[in-house]
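1. Would you be able to build a 3D model of this:
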Amino acid sequence: MDKILRINMGGKGGPQVTETPVGEYEGLGGRAMTSAVVLREVPADCHPLGADNKLVIAPGMLSGTLGAQTGRISVGCKSPLTGGIKEANSGGQAAQVLARLGYAAIILEGKPAGDSCYKVIINKDGVTVTEDITLAGLGNYAVVEKVKAEFGDKVATISIGPAGEMKLGAASVAFSDPEMRPTRHAGRGGVGAVMGSKGVKLIVLDDEGMSRRQAKDPEAFKDANKRFVAGLNSHPVTSQGLPLFGTNVLVNVVNEAGGFPTNNFKTGRFENASKISGETMAEQTTARGGVVTRGCHKGCVIRCSGDYIGPDGKWLTKQVEYETVWAHGANCGIDDLDIIAQLDRMDDDLGLDTIEMGNAIAVAMDAGVADFGDGPAALKLLEEVGKGTPLGRIIGSGAGTVGRVFSVENVPVVKNQALPAYDPRAVQGIGVTYATSPQGADHTAGYAVATNLMKVGGDVDPLKPEGNAELSRNLQIATASIDASGMCLFIAFAILDQPETFQALLDMINAFYGYSWTGDDWGAYGTAILKNEREFNTKAGFTKNDDRLPAFFKKMPLAPHNVTFQVTDEELDSVFDF
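-> Numbers count the residues shown, from 1 in each chain. Predicted coordinates:
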């Protein structure tokens, strides 16, 4: 990955394509790349949907190699949802293909005049950008079918649905999976709206004729990768829990812990949790003839994805992930897996973040727009988003907008981004991450749930404030490095518990690049990423007062433990005293 592809969508006479050496961005991958480019090249005070914002798509440091778990990709910009810096992470095939094509990043710049609809084709022969009005208004599934008809099923796609074209705050960027379905999404922060503002509907990546990236020390890299995979295959979470039941294995775990937000964060347990659990979904998938476990990208050995087969026996969507099952399920009081799967399919097709949409619908239910537990009403609200009606645009703009429009007092957002599937009152460490992450409320920014509830990497009491600020800080640093590597976040379970697996990861990086990284260097890399992100947010006008949870989490006790969020503002302010 020795070059950066820049596409100026506002060029004179149409889009202009240039390729430049990596230069000052040498050694950066994934989130390290996206956040560095956004900090250095995007004015912090620009309008997120204006010409000055940039959309950066970057594979990880080890993407395109034979390394396991290296197929994650980062999408960065100034977020139209939070107004701050954004990195949204996704699986799918694009990271591996883009890296093999030699690109460390694609940067979409400028803004076309009018409502243009462009597709970008990238292969070994170069890059073409053409207007294609036939793609306008199509859902992601229809877009991929057109691509397959034109290019076959061996390419990778990056696309937006109608939500991105409408530039809605919850719009995602879709990445095709190994089965060439648009099921993997960089969902958070409205990155799809920024891609829509650039007039780009579709990017097709074709690496035919290209070979894998080669390490500086191939034998050492191969050995390190073998040890790394052995570590993943020996940890109970990455070798058993996730492959057997997918991410939705967490439903019963978090519900039992009393941290499963229900009916817009009113209580921590959902009485019908077992009906939507990972165990139930796996049994149903098997009974309906589906595949319970598969990878979201080639090279995945954890395989926490799978099929969701509808009641008609046909494939409906990918195995619905925990965050989505919670967001469209318990948070809305819905206990019907088939309705939740329909909502997931619609989100993917329209190009919407399932976490933001589940929260938006739950806040609307809290306002009386619909009743909690009314699945058909939730489907109708999502249909409104697809139609672009006034109500649909309100819902599609996220939970914060819904709360303001319908005068709901308790709206679960930080920096205007909706909270994920763990109540911060019952899982205090994740509450610190929600509050302080530069990304807005984001569980993946520092997954304290692992230590608070699953006792991975230690044991910090989830119901008390002590130790949780430090836990979140350390995990946010480690996560930033993982996001830069191209690795799946779930490797954290193994590397936190197994020093030898962490060393194998460092050995992979060292063998590939000729580095001599230690654990301290890994931490310094993550710290530098967070410093970049916080610097951008400071320039954008953020202060320590933005690193706070909504007040109701400190005032309203959460059943069944009847606790409030107890980490003090002073402790929150200390998280980034590096």
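2. from here on, contacts and neighbour counts on C-alpha atoms
-> Will do.
3. what about the longest helix in the chain?
-> helix 519-539 (DSSP state H).
4. can you pull out the helices in the stretch 251-400 of the chain?
-> Secondary structure of the stretch 251-400 of the chain, counting by DSSP state H, counting those that start in this stretch: helices at 278-287, 322-328, 337-350, 354-366, 375-387, 390-396, 399-405.
5. contact partners of the fourth one?
-> Contact partners of helix 354-366, identified using CA atoms under 8 Å, 6 or more residues apart in numbering, comprise 170, 187-188, 263-264, 323-324, 327-329, 331-332, 344, 347, 370-372, 378, 381, 395-396, 398-400, 402-403, 406, 408, 411-412, 417-420.
6. what's the neighbour count on Asp153?
-> The number of residues packed near Asp153 is 15, by other CA atoms under 10 Å.
7. Then Ala418?
-> So Ala418, with other CA under 10 Å, has 27 neighbours.
8. Quick check: it vs Pro560, distance?
-> Distance from Ala418 to Pro560, counting by CA to CA, to the nearest Å: 23 Å.
9. Enumerate every residue touching the closest residue in space to Ala174 that isn't next to it in sequence.
-> Counting by CA to CA, 6 or more residues apart in numbering, Ala174 lies nearest to His185, which is 4.5 Å off, once chain neighbours are set aside. Applying CA under 8 Å, 6+ apart to His185 gives the contacts Asn89, Ser90, Gly91, Ser172, Val173, Ala174, Phe175, Asp348, Asp353.
10. One more pass at 10 Å, please.
-> Contacts for His185 (CA atoms under 10 Å, 6 or more residues apart in numbering) come out as 73, 88-92, 158-160, 171-177, 192, 347-348, 351-354.
11. swap in Thr564?
-> So Thr564 contacts 423-426, 428, 463-464, 552-558 (CA under 10 Å, 6+ apart).
12. tell me the pLDDT at it?
-> Looking at Thr564, its pLDDT reads 98.
13. Put the alpha carbons of the longest helix of the chain into CSV.
-> Extracted in CSV, the C-alpha atoms of helix 519-539 (Å, rounded to 0.1, in the frame of the first residue of the first chain):
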residue,chain,number,x,y,z
GLY,A,519,3.9,-3.4,23.9
ASP,A,520,4.8,0.2,24.7
ASP,A,521,5.1,1.0,21.0
TRP,A,522,1.6,-0.5,20.4
GLY,A,523,0.3,1.7,23.2
ALA,A,524,2.0,4.8,21.8
TYR,A,525,0.5,4.2,18.4
GLY,A,526,-3.1,4.1,19.9
THR,A,527,-2.4,7.1,22.0
ALA,A,528,-1.3,9.1,19.0
ILE,A,529,-4.5,8.3,17.2
LEU,A,530,-6.6,9.4,20.2
LYS,A,531,-4.6,12.6,20.5
ASN,A,532,-5.3,13.4,16.8
GLU,A,533,-9.0,12.8,17.3
ARG,A,534,-9.3,14.9,20.4
GLU,A,535,-7.3,17.7,18.7
PHE,A,536,-9.8,17.8,15.9
ASN,A,537,-12.7,17.9,18.2
THR,A,538,-11.2,20.7,20.2
LYS,A,539,-10.8,22.7,17.1
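14. for that helix, packing partners?
-> Judged by 3 or more CA pairs under 10 Å, 6 or more residues apart in numbering; DSSP states H and E, helix 519-539 is in contact with helix 30-41, strand 85-90, helix 468-485, helix 499-513.
15. coming back round to it: who wins for most neighbours among the contacts of Thr564?
-> Result: Pro424 is most packed of the contacts of Thr564 (other CA under 10 Å), 33 neighbours.
16. Give me the contact list for the lowest-mean-pLDDT helix or strand in the chain.
-> None of the helices or strands of the chain scores lower by mean pLDDT, DSSP states H and E than helix 242-245, at a mean of 84. Around helix 242-245, the neighbours that count as contacts under CA under 10 Å, 6+ apart are 236-238, 248-250, 277-283, 292-295, 301-306, 319, 321, 490.
17. cutoff 6 Å now
-> Residues from elsewhere that reach helix 242-245 (CA atoms under 6 Å, 6 or more residues apart in numbering): Gly278, Glu279, Ala282, Thr293, Ile302, Arg303, Cys304.
18. CA atoms of it as CSV?
-> What follows is helix 242-245, C-alpha atoms only, in CSV (Å, rounded to 0.1, in the frame of the first residue of the first chain):
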residue,chain,number,x,y,z
LEU,A,242,-18.7,-16.3,19.1
PRO,A,243,-18.5,-19.1,16.5
LEU,A,244,-21.4,-21.1,18.1
PHE,A,245,-23.9,-18.3,18.7
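19. Compute the distance from the centre of it to the centre of its chain.
-> A distance of 20 Å separates the C-alpha centroid of helix 242-245 from that of its chain, computed with CA atoms, centre = their mean, to the nearest Å.
20. and the gap between the nearest residue to Ala36 once chain neighbours are set aside and Gly386?
-> Counting by CA to CA, 6+ apart, Ala36 lies nearest to Asn532, which is 6.5 Å off, once chain neighbours are set aside. From Asn532 across to Gly386, the span is 36 Å (CA to CA).
21. Could you find the closest non-adjacent residue to Val191?
-> Ser172 (5.7 Å).
22. What pLDDT does the model give the nearest residue to Gly313 once chain neighbours are set aside?
-> In space, and not counting its chain neighbours, Gly313 is closest to Arg288: 5.9 Å by CA to CA, 6+ apart. Note on Arg288: pLDDT of 95.
23. number of nearby residues for Arg288?
-> With other CA under 10 Å as criterion, Arg288 counts 17.
24. Pull up the per-residue confidence for the residue nearest the centre of the chain.
-> When CA atoms, centre = their mean is applied to the chain, the residue found nearest the centroid is Asn89 (4.0 Å). If you check Asn89, the pLDDT there is 96.
25. residues touching it, list them.
-> Neighbour list for Asn89: Ile73, Ser74, Ala186 [criterion: CA under 6 Å, 6+ apart].
26. Kindly indicate whether Val204 is helix, strand or coil.
-> Secondary structure assignment for Val204 (DSSP: H, G, I helix; E, B strand; the rest coil): strand.
27. Does it touch Lys154 like I think?
-> No. Between Val204 and Lys154 there is no contact under CA atoms under 6 Å: 10.6 Å.
28. These two: who's more crowded?
-> A count of neighbours by other CA under 10 Å puts Val204 above the other of Val204 and Lys154, at 20 against 14.
29. ok, the more buried one - contacts?
-> If you count contacts by CA under 6 Å, 6+ apart, then Val204 has Ile121, Ala156, Thr157 around it.
30. so how far is Val147 from the second one?
-> Read it as Ala156. Distance of Ala156 to Val147, given as CA to CA: 9 Å.
31. quick one: which of those two has more around it?
-> Remark: of Ala156 and Val147, Ala156 carries more neighbours, 29 against 19, as counted by other CA under 10 Å.
32. Please list all residues in contact with that one.
-> Residues counted as contacts of Ala156 (CA under 6 Å, 6+ apart) are Gln93, Ala94, Ser176, Val204, Leu205.
33. count of neighbours near the second one?
-> Spelled out, it's Ala94. Other residues close to Ala94 by other CA under 10 Å number 32.
34. Tell me, what's the model's pLDDT at it?
-> 97.
35. Number the residues from 703 up from this point.
-> Sure, I'll start counting at 703 from here, so that last one is Ala796.
36. quick one: Gln1021 and Ser941, what's the gap?
-> Taking CA to CA, one finds Gln1021 at 18 Å from Ser941.
37. Next: Thr1019.
-> 24 Å.
38. Leu1198 too?
-> Between Leu1198 and Ser941 the computed distance is 15 Å (CA to CA).
39. Ala851 too?
-> For Ala851, the distance to Ser941 - CA to CA - is 37 Å.
40. Neighbour count for these two, which is higher?
-> Ser941 (19 against 9).
41. residue contacts, that one?
-> Counting by CA under 6 Å, 6+ apart, Ser941 touches Asn935.
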